[in-house]
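Asks: Requesting a structural model of the entry that follows:
(4 chains)
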There are 2 protein chains.
Amino acid sequence: MREAHHAECPMDSLLRLLMGPWTSYIIWVLRNEGPTRFGELKRKVPGISAKVLTERLRMLEGAGLITRHHEPTIPPQVTYALAPRGEELRGILDTLNSVALRWRAEDQTQQAQSGEPTCVPAPADKPATSPADSKTVSA
Amino acid sequence: MREAHHAECPMDSLLRLLMGPWTSYIIWVLRNEGPTRFGELKRKVPGISAKVLTERLRMLEGAGLITRHHEPTIPPQVTYALAPRGEELRGILDTLNSVALRWRAEDQTQQAQSGEPTCVPAPADKPATSPADSKTVSA
DNA sequence: AATTTCGGTTACGAAAAGATAACTACTTTA
DNA sequence: TAAAGTAGTTATCTTTTCGTAACCGAAATT
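Replies: Purely as a prediction, here's the structure:
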């Protein structure tokens, strides 16, 4: 019902995709941690259930934002990573993050990020598989 | 429950704010149409109910993204507009829109935006953002 | 031999969100 | 006099979503 109203708008579709409660956080974790396995991802996203995590992952995969690599070993290993399109989102997420950081700093009218948890652990993230730096920093 | 997990992350808070079903669309309309009255806004967002629209508007206002100008005339006129912080989001929304547009074009592997509805009517938007008349009645 | 691990899926109940409609106050219009 | 319009609010009902728990197969571990 909600997706039938103005789904013809590309941005709205994208926004609608990114809109789910955990969606952005999952992308954020993948962005910061690099390729991550299901269980580890679940551990990284504190309160999420396997059901919702699977659901979001499937949605994201269907949208081409992440990839799913299934290693059919006996304890199966499923690794998720940002797809090229997910990588394209990095610039936007970074910009959004800087805006959010700035606003918070303005709200505090004082120190921006002193000992504050920044959610983005390190600028030098794990070069797990994608050594390609943010080449799509558009904004 | 959902907002207690990692609400300390500025970006997640912002994402969480932008996340609501109609939220982004409202900002988008305000961005494209300029200051808009409640009824007109409701007409611009096809399937929204007054309840949800009010709720989103209040939330957005509380976050400082939009302003609410209440003219206490007899048929009351309430006009909503992007606040400075809402304006700051324009770049991000534009980038996101261009990404969405590009992806859609890639999906079609052919013409990008021929006769497609673009959701962003005109780059030359209404300059009605003068802060002189927006008193911001504050809740 | 039984349990644990891994990456899920399924069913079920609870909770949250949303839709709908009625109602507010006041003026203008028919 | 009655209806419409403006900007909502409130209540109730329905829909959707979410969390929890159980379960899956097979191999490794205890």
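Asks: What segments of chain A are helices?
Replies: A:10-18, A:23-33, A:38-44, A:50-62, A:84-108 (DSSP state H).
Asks: Establish whether the second one and chain B are in contact.
Replies: Yes: where contact is defined by Cβ under 8 Å from any Cβ of the partner chain, part of helix A:23-33 touches chain B, namely A:Ser24, A:Tyr25, A:Trp28. To be clear about C-beta, it is placed using only N, CA and C from the backbone, and glycine gets the same treatment.
Asks: and of those residues, the nearest to B:Asp94?
Replies: Among the residues of helix A:23-33 next to chain B, A:Ser24 lies closest to B:Asp94 (Cβ to Cβ), at 18.7 Å.
Asks: Let me know whether that closest one touches A:Leu15 as I believe.
Replies: No: using Cβ atoms under 8 Å, A:Ser24 is not in contact with A:Leu15, being 10.7 Å away.
Asks: give the contact list for the most centrally placed residue in chain A.
Replies: Residue closest to the average C-alpha location in chain A (Cα atoms, centre = their mean): A:Ile27, at 1.1 Å. Contacts for A:Ile27 (Cβ atoms under 8 Å, 6 or more residues apart in numbering or on different chains) come out as A:Leu18, A:Leu60, A:Leu65, A:Ile66, A:Leu82, A:Gly86, A:Leu89, A:Leu93.
Asks: Pull up the gap between the first one and B:Ser13, please.
Replies: According to Cβ to Cβ, to the nearest Å, A:Leu18 stands 15 Å off from B:Ser13.
Asks: cool, and the fourth one?
Replies: In this view, A:Ile66 and B:Ser13 are 23 Å apart by Cβ to Cβ.
Asks: neighbour-wise, which of the two wins?
Replies: The neighbour count for A:Ile66 versus B:Ser13, taken as other Cβ atoms under 10 Å in any protein chain shown, is higher for A:Ile66 (23 against 18).
Asks: Which elements pack onto the helix or strand of chain A with the lowest mean pLDDT?
Replies: Here the helix or strand of chain A ranked lowest by mean pLDDT, DSSP states H and E is helix A:10-18, holding a mean of 77. The elements that helix A:10-18 packs onto, with contact taken as 3 or more Cβ pairs under 8 Å, 6 or more residues apart in numbering or on different chains; DSSP states H and E, are helix A:23-33, helix B:23-33, helix B:84-108.
Asks: and DNA strand C, which of the ones you listed is closest to it?
Replies: helix B:23-33 (8.8 Å; Cβ to the nearest atom of the strand).
Asks: touching DNA strand C at all, the closest one?
Replies: No: applying Cβ under 7 Å from any atom of the strand, one finds helix B:23-33 separated from DNA strand C by no less than 8.8 Å.
Asks: what's the angle between that helix and helix B:50-62?
Replies: 80 degrees (axes from the mean of the first three to the mean of the last three Cα atoms, to 10 degrees).
Asks: residues from chain A in reach of DNA strand D?
Replies: Residues of chain A lying close to DNA strand D by Cβ under 7 Å from any atom of the strand are A:1, A:20-21, A:47-52, A:55, A:74-76.
Asks: can you rerun that using 6 Å?
Replies: A:Met1, A:Gly20, A:Pro21, A:Gly47, A:Ser49, A:Lys51, A:Val52, A:Ile74, A:Pro76 (Cβ under 6 Å from any atom of the strand).
Asks: so which of the residues you listed comes closest to chain B?
Replies: A:Gly47 (4.5 Å; Cβ to the nearest Cβ).
Asks: Backbone dihedrals for that closest one, both of them.
Replies: phi -100, psi 10 (degrees, to the nearest 10).
Asks: what about the residue lying closest to A:Leu17 once chain neighbours are set aside, distance to DNA strand D?
Replies: Nearest non-adjacent residue to A:Leu17, counting by Cβ to Cβ, 6 or more residues apart in numbering or on different chains: A:Ala63, 5.4 Å away. A:Ala63 sits 15 Å away from DNA strand D when distances are taken as Cβ to the nearest atom of the strand, to the nearest Å.
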